[in-house]
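>>> no sequence on this one, just coordinates:
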């Protein structure tokens, strides 16, 4: 089979005005960025406000393994399949970060015949959203240090500045640094560090804001650190919410592109899925729902993290009603959850598969507990055997669960027809019985416990001394009514990455909390979360090139 | 009079396809970025290669003072005036850096009725060129630290890494930092610092490259530091010139916009005018010359820095033939050069003006020594008196120098008609007698001496011990045939910023040299050059805002 970049370069893209015309957009609703990308205007959502929403389909997965699940690929393929069945379908995805593109994995925009295009642009600077977020984040950091340097009227404690600078790069050497060295003309020395841009609270805010006005309000609420008296200091105190919002005015507009089969796709925002909520923007998903019969969207990592946060954080903030969920699994990944090494995945092993199904089963129970109907999507790999596929199918059917084999990587939308039909069936039959895992008026500790017990299957939580102190402080600050954003390993349902399958009888340790008041959630850390990746021994960049005519290679 | 942003927001912009149509461009020649910005394709220059160049007009000035000269405004106004006289005129300018926009001065895109538009976009993220340069610069930095972290096969000396990270921000606290702290998983500790993006060698390279291929060659040649044996280490050694060029593939395309009078303007690149050459890109100027009868362009600071480098560095690299030069001066600035304080500039003072003319006179001699014809442009301010204007006019006329009063800030192109007529007269009469100040085959020390003596009027140069050692080392490395890029204060013809007017009997001290082998010049430092600005007490950002409908304020 051809490589992703070959397929991408051979695809026939429609001019973006064809896509906007098909969506019924007028010239005022969008701006071109090149011939095949567009930004949707701020006014568009206002114009569409009274239009009924299409059905939102959330694509999630089992706990990820090194074998890969292909969640983005299934999301794109499902959108294409729905279009083939005559539905007006739009796809809403996150936009990739350049750091990992240059580092480990190359591009991130679906795969095979289920890609969003132009993949070269989407994987590089795209329409500049991440650069604008970097700039706004770092303008704030510069203003904080300048404030301290120039007399520190707000009495910001340099040891308690929590706001980090960011870079859209995998740059290990910036994890822990000292700034402000070299004497009085070079600022006030303090310990500091950079995060990768997608870990910026501004990224989370951009993705959760419902209007430009709401964006500015959220930015004003960011807590950047504490005074010597340990009082929170906000962006509002520094009086620069206007400037930071100005820097984000274009980044806030959702980006419209198309798939390999010319299905419209809105690609916008991409926050971390551990210390943030891991979903594309509310603006992206809501615009997709307003413009289509179906909006197919995804959330980061497995259902324990991505779907939980999509439903408890994003949907709550954006008033999004989900009609159905797709849980993606692969034979390979399920066998890994059944205890098989990465090296032995090619061999048929129904026994291991059976053991691994326990992981899927827990996620099915979780989606069911939200009151949402779902389809299990088996994302086909060439090494899957008939016996393995049949096993999963009959396992699901014996539990009255919808299941569909999908082959969108190799066949595009045609490979997702069965999945699309089943999604339509449950989405159109769907009766509204959705329920959150917790109410916002519950205590923070209760919210954390409910997620740990109901979504992860833990016996209980255990709070560190620091976490206990922080919980009390946060409730006292009036932050107790916010949702919780769990930062947990994606590899296990528990907080121990080694526990694959469906762990039981475990306790989740809550190490530390962090307030993301602008984003509107309290981050709950269950372990060390890496917020600045490093480069591998042989970075992907070593294989990248562009020739004299601008033709690219090595982006995968 | 209205403010710049009011004038900008009231101007009627033509759709960018109108501008491209008038220039005879086809759909393949450009890509839209919004409705009023475009990027010109890589193929366009190839297509135009055999077309004769239009006349290139360089706009320069006397040594800048706090009173302001308005060089960009005159450049824009002259382009507009040439268009009014029926010439097909294009303007080529640098693109602004966000750092100073957020910090001190607000926007930088001409002023009054001689602005390039949309000024809001041009002054913020524009088409993302500076962000792409930041990213390429910092990808290189991350690869260097990753190389050292992973065994350091090239034996790079961490104490001799000369490549700095950059940020498009005024951020004093990043001037001097320590990176790589926190143990083995966080890189190798070393002293480091950030420059502002426009000080990146990659910015200089982008502006001097003549094709995508040449861009990659120049990037490969960057010297990032030295081994423990003090041998230079290049990007080629790290094998990532392909990836870095890929990151710049769109940034390398010149940007097309328009002025308040819909005159086409190419805005592309903006390197520092001290440690780099301070001009818009070769691609911008050459494309403007290919597409127009007249290409009006500018260079940073006064003629001693900007014009000297435009002619000795940029024109040499790009094979650009300049037909005529405009030297901008204001009554106010000339009075400052005559010894008057900033507070007393409103009062008529022909005596001070007369003394200040000596500064202008030296720059006239310099342009003359290059063999180029020139017009002196008096950029009118409301406080200028008739006696002062008349004095300058008769002073110039008595020396057979063309002089024109311009009022483009208040009147747009109409205010520059006299200047445009005089420019046309000398440009069309111009006989080719251009000569460089030095040949590339001369020794580095000779080149520096010739610039100091012939352009600055110095008696001689004095080399520090370090500079002597470096000169010998550079010649030995085979870098002796490169042009020199002088980093000198812009405020004086000498290397002492306090010496206004026309200093005499001075020696220029050469403190240190730095190799910019990718850019293709040796930087010659005559003092401490600030490559990361700081924010003022009250940053411009404090006044910036955007309302719920996206309307901007405070950008000036």
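Now that the structure is in, tell me what you want to look at. These numbers were taken from a predicted model, which means no experiment stands behind them. Numbers count the residues shown, from 1 in each chain, chains lettered A, B, ... in the order given.
>>> Is there a neighbour count for the residue of the stretch 351-500 of chain A found nearest chain B? I'd like the number.
Nearest residue of the stretch 351-500 of chain A to chain B: residue A:497, at 16.5 Å (C-beta to the nearest C-beta). (C-beta placed from N, C-alpha, C; glycine too.) The number of residues packed near residue A:497 is 13, by other C-beta atoms under 10 Å in any protein chain shown.
>>> same deal with the one 5 residues further on?
As a burial measure, the neighbour count of residue A:502 was computed by other C-beta under 10 Å and equals 21.
>>> residues contacting residue A:527?
Shown in contact with residue A:527 (C-beta atoms under 8 Å, 6 or more residues apart in numbering or on different chains): A:487, A:488, A:489, A:495, A:509, A:511.
>>> Distance-wise, check it relative to residue A:177.
According to C-beta to C-beta, to the nearest Å, residue A:527 and residue A:177 sit 23 Å apart.
>>> Kindly report the residues of the stretch 151-300 of chain A close to chain B.
A:165, A:167-182, A:185-188, A:211-213, A:216, A:239-240, A:242-243, A:245-247, A:249-250 (C-beta under 8 Å from any C-beta of the partner chain).
>>> Of the residues you listed, grab the buried ones for ChimeraX.
Selection of buried members from those for ChimeraX, criterion 16 or more other C-beta atoms under 10 Å in any protein chain shown:
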select /A:165,167,168,169,170,171,172,173,174,175,176,177,178,179,180,181,182,186,187,188,212,216,240,242,243,245,246,247,249,250
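>>> Restricted to strands, list the contacts of residue A:527.
Among the contacts of residue A:527, the members falling in strands (DSSP state E) are A:487, A:509.
>>> Compare the contacts of residue A:527 and tell me which has the most neighbours.
That'd be residue A:488 among the contacts of residue A:527, by other C-beta under 10 Å, with 28 neighbours.
>>> re the thing from before, so which of the residues of the stretch 151-300 of chain A next to chain B sit within helices?
Using DSSP state H, the subset of these located in helices is A:212, A:213, A:216, A:242, A:243, A:245, A:246, A:247.
>>> out of these, who's nearest residue A:291?
Lowest distance from residue A:291 to those (C-beta to C-beta) belongs to residue A:212, with 19.5 Å.
>>> Is that closest one in contact with residue A:246, as I believe?
No. With contact defined as C-beta atoms under 8 Å, residue A:212 does not count as touching residue A:246 (10.1 Å).
>>> Mutual contacts of those two, please.
residue B:546.
>>> and the residue nearest to residue A:426 when sequence neighbours are not counted, what is it in contact with?
Spatially, and ignoring its direct neighbours in sequence, residue A:426 is nearest to residue A:373 (4.0 Å; C-beta to C-beta, 6 or more residues apart in numbering or on different chains). Contacts were defined as C-beta under 8 Å, 6+ apart; by that measure residue A:373 touches A:323, A:324, A:325, A:402, A:426, A:427, A:429, A:430.
>>> can you check residue A:243 too?
Counting by C-beta under 8 Å, 6+ apart, residue A:243 makes contact with A:139, B:102, B:541, B:542, B:544, B:545, B:554.
>>> chain center to the helix or strand harbouring residue A:296: distance?
In this assignment (DSSP states H and E), residue A:296 forms part of strand A:294-298. Chain-centre distance of strand A:294-298: 13 Å, with C-alpha atoms, centre = their mean, to the nearest Å.
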